[in-house]
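Trainee: show me how the following folds:
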Amino acid sequence: MSYNALKVEEEVRKFWDQRGVEERWRAFDPNGRRFTFLEGPPTTNGFPHVGHIRGRTYKDVVLRFWRSRGYSVWAQGGWDMQGLPVELEVEQRQGLRSKKDIERFGVAKFAEECNKLVDYYLAFWEEWGTRRLGLWLDLKGAYQTRRPEYMEYAWRLIKRAHERGLLAEDYRVLWFCPRCETSLSDHEVDLGYAEREDPSIYVKFKVEGREDEYLVVWTTTPWTIVDNEAVAVHAEYDYAKVEVSSGDGREYWWLAERLVPQLMQMFGVKEWRVVETRKGAELAGIRYIHPLADLVPERATRPHQIFTAEFVTLEQGTGLVHIAPGHGPEDFELAQRYGIKVTNSVEINGVYNELGGKYAGMYVFDVDKKVVEDLKERGLLIYQTSIRHEYPHCWRCGTKLVLRADRQWFIKVSKIRDEMYEELRKVKIYPEKLRYRFDDFVKNARDWNISRSRFWGTPLPIWRCQKDGRIMIVGSVEELKSLAKKLPPVDDFWLMHRPWIDQVEISTPDCDRWVREPYVADVWMDSGIAWIAAVDGERKRDLWEALYPFSWVTEAIDQTRGWFYSLLATSMVYTGRAPYQSILITGHILDKEGQKMSKSKGNVVWAKDLLGRYGADPTRLYLLTKAAPWEALNFDPDEVKHAASQLNILWNVVKFADTYMSLDGFDPRRHRLEDLLGKALDEDRWLLSAASMLARRVAEHMENFEIHEAAKAWVDFVVETLSHRYVRLLRRRVWSEEPREDKYAAYAVLFKVLKDVLTIGGIFVPHVAEYLWQNFVRRYEPEAAESVHLARYPEPGAVDEELLSAFDEVFNVFSIAAEARNKAGIKLRWPISRIIVRGASKAAKYSDLLAYLANAKSVVEGDCPEGWIAHEEGGIAVCVPGKLEPDLYYEALARELVRRIQVMRKEAGLSVSDYIEVYIDPQHDDLRKAVERNGSYIANEVRAVKLTLGKGPEGLYGKEWDIEDMKARVYLRRAG
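Mentor: This is a model prediction of the structure:
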C-alpha cells in the first residue's frame, strides 16, 4: 500500500474511536503538571475555511507537544453562538433588511431561527473544523455562549462592575452601524477599518453682520454640516483675514495664516492679500450664519459662533474646524464645555428625522451629494475634491459607520486601564515584535460601550425602577426568578433570551414596577468571559483555580483588539488579574496571489473541500511549514501536494526499514540497541546524534512557539537526514545477503530513530504517525505505547558535535561532486574512476563513504588534472573526469539496465524479497557487451537467480527500453 492520506486518516480515526485514545490523551489531572488552553470560540454562523484550519492546526500542535512532554493538558472546545454575526446570517436567509423587518417577522421566531442556524453550522465545525483535522478538543464538554449557565457570567460581570463603580449610563458620541441599527464598541470599530474615497470640500460660513466676510472650513463628511453648531479655532494660532478678488468682486476669508499660500494655490485664487491677522483667542465669540439655515430651520434659531479648542491642528484643513456635537467625540466635549445644546437629527438607522429639515427621511450618505449641491447653489462651496482614507465599517456587515450621540451603557475601562496595562506587561506575547499593537490599545483604552440594540444575545441584566429611575442588577437566573412577579412559560434557555426576558415582571416592596433596559450585551463580552464561564468557575472553583490564569491562548492578529482585549478587560473587572500567561498572535490567510479571501471574489477555500481532497496531514504540514504563525500566508493548493510528497518519503523510509528488517528477522527485543552499539558504524552513531539534535531543536522551537521552525526541522530530518542520507548509506549493508552484526546494529539504530521520528511527528501529522506506529513500531515492539499520542516525547541523548560536523562535510562534498558531474554530463549512477577533493579535512576520514555516495572507485586529495571538471563551494573543491572513462562505460550501461529492471519489478507487483528470472534482448552491441561483462552485478542487484541474453519465453512480461539511444527488450518473471 502506498501513502494515501484519505484512506490512512479514515482508518486511524476508527482506531482512535475504538480504543478511546483521544479521551485517554485528554484526561486531566488538576494536581499534576498542567498546560491549560482556552479556546477562542469560533462563531457558528458559517462554514469553516482554510483560515480557521490554520489557526486550529496551531492549537492542536501546541497541545500535542505539551501532552507528549508529560503535561496534563486542558483542551476544552468552545463555540460563540450569539450576536450580530448570527443575526445577519438569519436576516439574509429570511430576506430581512432591518430591525423593523425582524419585529414584523416576530422576535421569538427570529430567536428560534438563530438557534437553529448555529446548530446547523455547529455540525460542520465539529466534523470538518475539528474531527477531520485531527484536532483533539473536548467537544462533548465544549462551552456554548448561548447556554444560561454561561450567560449568567456576563450578568455576574456587570453586577461586579456596578459594585466597583465601573458601570455607567452616559450620553456620548459613538459609532453606529445604520444597517444593523446598533452602537459598536471601540474594539469592534477597530476591526472594520477599510480604505475608501470620500468627498473633501472647503466651505464658506458667512460672518454675521459683516458684508462679504466668511469663515472657511473643511470637511470630509458634508452630511454633518446639517448639524453644525459651532466653529473651533486654536487660541494660540495666527489667523489671517484674506482679501480675495474675483470677477464678482471682493470677499474676505478667515484662514490659518500659515496655510494661506498653499490654500490659495489649491483653490486657484490668483489675486489675494492678507489684510489683517489675529490670534485665535481674538476670534472667539464671532458669530456666523449656519450655511444651510434656510433648509434646516431648527439650526437657524440658535446662535452659532467661534470657540477655542486645543484639538485644532494645521495638519489638514484650514485651521478652522466645523463642529457638529452630535457627530464627533471632540465636538461633543467642546459642546459640553461651552454649554452648547446637543441635538441629534440622525436616527439609529442613519436616516434624518424632522430636525434635519429639508433632509428629513433621507439617508446620511445620500445627503452628502445633496449638501454639496445646496452649498454650491448658495455660492458657499469654494473647492471640491475627494480623499482616500481609512474609514470604519461594520465589522460584520461592512456598512459604513456613522458617529452619533446617544445614551448607552458603559464599563468604565478608563478607570482601570493602568492596572490592565501592568497586568498585560506580565504576559508573554509571541512574537514580541507585535506586542506594541496590544500595548498601545490597552494604554489608550476608552470606556467600553456594552449595550447593543439587537435581539439574539445575552440580555443586559439592568432593571430600572419606573417610579424613581433607580437601577438594579440581577446576577443570576435564580435571583431573577426570586424577584419575578410573573415569568413567561418557558425553560431557562429561552428565559435568558429576548423576547421572553422582556416579559418578566418584577416588583419589590420599594418599587412596584421594574423594567429591563432593552439591550443585549456586546457579543465580545460573551466570548470575553470564557476564562471563567467556560468551566462554570464559581460552581467548580477547584477546577477553575487549577486552570486560571490559562497557560496559553491564540487567535489571529486582529484579536489584539477583539477577544484578547475583552478577555483582559472582563478578567480585570472580575478578579484584577490577566486571564492568560502567554499569547500567540497568528497571521491571516490570503489566496496564492496575495489577495484577501472573500465569498464575493469566489476565492475562499472551504475546510470540507480542502480536507476532503488532500487530507488533514498534508494540509497541516503545509500550513505549518509555509510561513511563521504570525505571518500572512499565501495559500496555494498545489503546494499541499508537495507536503503530501514529503509524507510519502516518510512512508517509504518506514516501508524500506520494515522490508529489510522483516527479511533479516530483526527483533528489537533480541537485537537490543545497547547490546549492538559497539558494532555500529560511524554513520549509525551520526544518525543517533542527529536524532537527538532534532528532539532538542523541536522542543526549543515549540517552547518559543516557533512552530514553523519545529515542523521544518522535522521535515528536513525525514527528507534529508533519513531518506536522502542515511538510507542511501544503509542500502549497501541491507542488500548484503550475509549475516552481519553491523547490519543488526543499523536496524536497532534505525528502529529507535524511527520511533522518535514518529513520536515527534505525531505532533504535526497525527494520522500518518499513528498509522505507521501501529503497523510498524507496535508490530516489532508490541509493548510500545498503545498509541503514538500516548508515547512520551523522546529524551535527547548525547550529541557528538564533531561527528555531526564531519558528516555535514561528507554530504557537502557529495553535493559538490554531484554538481561537478552535472557540469561534465555524467549521471550519478554512472561509475567514475575517482573524484579529487580539496579543502575537506573533516571528510577525509570517510573516503570510503564518499566513494560510495559519489559512485567513484576511489577518493583522493589533490589538484585537478587537465581536462577534468571542477566545482567549488565554501572553500571545498571537487573534480571529476571530463567524460565517462571507456573502461567504465559498460558498467554504466549495466546500471541503466538495473534501474529499468527495478522499475519493472515494481510494475509487476513483486516484493523486495522475491527472486526473479530475467531475459535481456539487446538491440545494440554495446548493450550486449554490458550484460556479458557485468552479468553477475546485474543479477545480484535485481535478485535474479537466472539472467539470460536473448528473448524471453512466450507470454512473459516484457518491455522495450531506450538506453542512451540504444534499444533493449527486457522480460522477467518471479522465479520458481
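Trainee: where does pLDDT dip in the stretch 601-750 of the chain?
Mentor: By pLDDT under 70, the weakly predicted segments of the stretch 601-750 of the chain are 737, 739.
Trainee: where do the strands sit along it?
Mentor: 633-635 (DSSP state E, counting those that start in this stretch).
Trainee: let me see the contact set for L567.
Mentor: 38, 527-528, 530-531, 553, 579-580 (C-beta atoms under 8 Å, 6 or more residues apart in numbering). For glycine as for every other residue, the C-beta is placed from the backbone atoms N, C-alpha and C.
Trainee: again, 10 Å this time
Mentor: 38, 40, 524, 527-531, 550, 553, 559, 578-580, 583 (C-beta atoms under 10 Å, 6 or more residues apart in numbering).
Trainee: same question for Q76.
Mentor: 26, 28, 36-39, 137-143, 530, 534-535, 547.
Trainee: assign a three-state SS to it, would you?
Mentor: strand (DSSP: H, G, I helix; E, B strand; the rest coil).
Trainee: look at it and report its pLDDT.
Mentor: Q76 is assigned a predicted lDDT (pLDDT) of 98.
Trainee: excluding covalently adjacent residues, which one is nearest to A680?
Mentor: Among residues not flanking A680 along the chain, A745 sits closest, at 4.1 Å (C-beta to C-beta, 6 or more residues apart in numbering).
Trainee: wait, the one you found sits on D682?
Mentor: No - A745 is beyond contact range of D682, at 11.5 Å (criterion: C-beta atoms under 10 Å).
Trainee: of the two, who's got more company?
Mentor: Neighbour count, other C-beta atoms under 10 Å: between A745 and D682, A745 has more, with 22 against 15.
Trainee: now do A5 against D638, distance only.
Mentor: Per C-beta to C-beta, to the nearest Å, A5 is found 16 Å from D638.
Trainee: quick one: which of those two has more around it?
Mentor: Applying other C-beta under 10 Å to A5 and D638 shows that A5 carries more neighbours, namely 23 against 7.
Trainee: how much space is there between the more buried one and P509?
Mentor: 69 Å.
Trainee: do F35 as well
Mentor: For F35 relative to P509 (C-beta to C-beta), the value is 52 Å.
Trainee: looking at the two, which is more packed in?
Mentor: Neighbours per residue (other C-beta under 10 Å) separate F35 from P509, with F35 holding more: 19 against 5.
Trainee: isn't the more buried one right up against F65?
Mentor: Yes - taking contacts as C-beta under 10 Å, F35 lies within contact range of F65: 8.9 Å.
Trainee: hmm, which of the contacts of Q76 are the buried ones?
Mentor: When neighbours are counted using 16 or more other C-beta atoms under 10 Å, the contacts of Q76 contain these buried positions: 26, 28, 36-39, 137-139, 142-143, 530, 534-535, 547.
Trainee: so which of those residues belong to strands?
Mentor: Residues of these located in strands (DSSP state E): 36-37, 138-139, 142-143.
Trainee: could you dump the residues you listed to TSV with distance to S689 and pLDDT?
Mentor: Below are those laid out as TSV (distance: C-beta to C-beta, whole Å; pLDDT from 0 to 100):
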residue	distance to S689	pLDDT
T36	35	98
F37	34	99
D138	39	98
L139	42	98
A142	44	98
Y143	46	98
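Trainee: what two of these are the furthest from one another?
Mentor: T36 and L139 (17.7 Å; C-beta to C-beta).
Trainee: just checking, D926 touches E891?
Mentor: No - counting by C-beta under 10 Å, D926 does not reach E891; the two are 12.0 Å apart.
Trainee: more neighbours, those two?
Mentor: E891 (18 against 13).
Trainee: state the helix or strand in which the more buried one lies.
Mentor: helix 886-907 (DSSP states H and E).
Trainee: what comes up buried for that helix?
Mentor: Neighbour count says helix 886-907 has 888-898, 900-901, 904-905 buried, by 16+ other C-beta under 10 Å.
Trainee: what sits against the closest residue to L897 other than its chain neighbours?
Mentor: The shortest distance from L897 to any non-neighbouring residue, by C-beta to C-beta, 6+ apart, is to I938 (6.0 Å). The neighbours of I938, taking C-beta under 10 Å, 6+ apart as the test, are 894-895, 897-898, 901, 918, 920, 930-931, 944, 947.
Trainee: could you confirm I938 falls within a helix?
Mentor: Yes - counting by three-state DSSP, I938 falls inside a helix.
Trainee: which pLDDT does the model give it?
Mentor: 95.
Trainee: likewise for the one 3 residues further on?
Mentor: The score at E941 is 91. That number is its pLDDT.
Trainee: now the angle between helix 886-907 and whatever helix or strand it lives in, please.
Mentor: Using DSSP H and E, E941 falls within helix 925-942. Angular relation of helix 925-942 and helix 886-907 on a 0 to 180 degree scale: 60 degrees, by axes from the mean of the first three to the mean of the last three C-alpha atoms, to 10 degrees.
Trainee: return the set of buried residues in helix 925-942.
Mentor: Going by 16+ other C-beta under 10 Å, helix 925-942 has these buried residues: 927-928, 930-931, 934-935, 937-939, 941-942.
Trainee: JSON lines for these, including distance to E786?
Mentor: Conversion of the buried residues of helix 925-942 to JSON lines gives the following (distance: C-beta to C-beta, whole Å):
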{"residue": "L927", "distance to E786": "54"}
{"residue": "R928", "distance to E786": "58"}
{"residue": "A930", "distance to E786": "53"}
{"residue": "V931", "distance to E786": "52"}
{"residue": "N934", "distance to E786": "50"}
{"residue": "G935", "distance to E786": "50"}
{"residue": "Y937", "distance to E786": "46"}
{"residue": "I938", "distance to E786": "46"}
{"residue": "A939", "distance to E786": "45"}
{"residue": "E941", "distance to E786": "40"}
{"residue": "V942", "distance to E786": "40"}
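Trainee: ok now the top helix by length along the chain, how far from the chain's centre?
Mentor: Longest helix in the chain, counting residues (DSSP state H): helix 637-663. For helix 637-663, the separation from the chain centroid amounts to 28 Å (computed by C-alpha atoms, centre = their mean, to the nearest Å).
Trainee: can you offset everything so residue one is 847?
Mentor: That works, and once the first residue is 847, the last one we named lands at helix 1483-1509.
Trainee: ok now do the residue nearest to A1526, which residues does it touch?
Mentor: 1517, 1519, 1521-1527, 1530-1531, 1579.
Trainee: what about 6 Å?
Mentor: By C-beta atoms under 6 Å, 6 or more residues apart in numbering, the contact set of A1591 is 1522, 1525-1526.
Trainee: same check, this time on G1708
Mentor: Counting by C-beta under 6 Å, 6+ apart, G1708 has contacts I1682.
Trainee: need the phi and psi values for it.
Mentor: Dihedral pair for G1708: phi 150, psi -170, per degrees, to the nearest 10.
Trainee: do Y1134 as well
Mentor: phi -140, psi 170.
Trainee: ok so, going back, quick check on the contacts of A1591: which are buried?
Mentor: 1522, 1526.
Trainee: what about the contacts of A1591, which are in helices?
Mentor: L1522.
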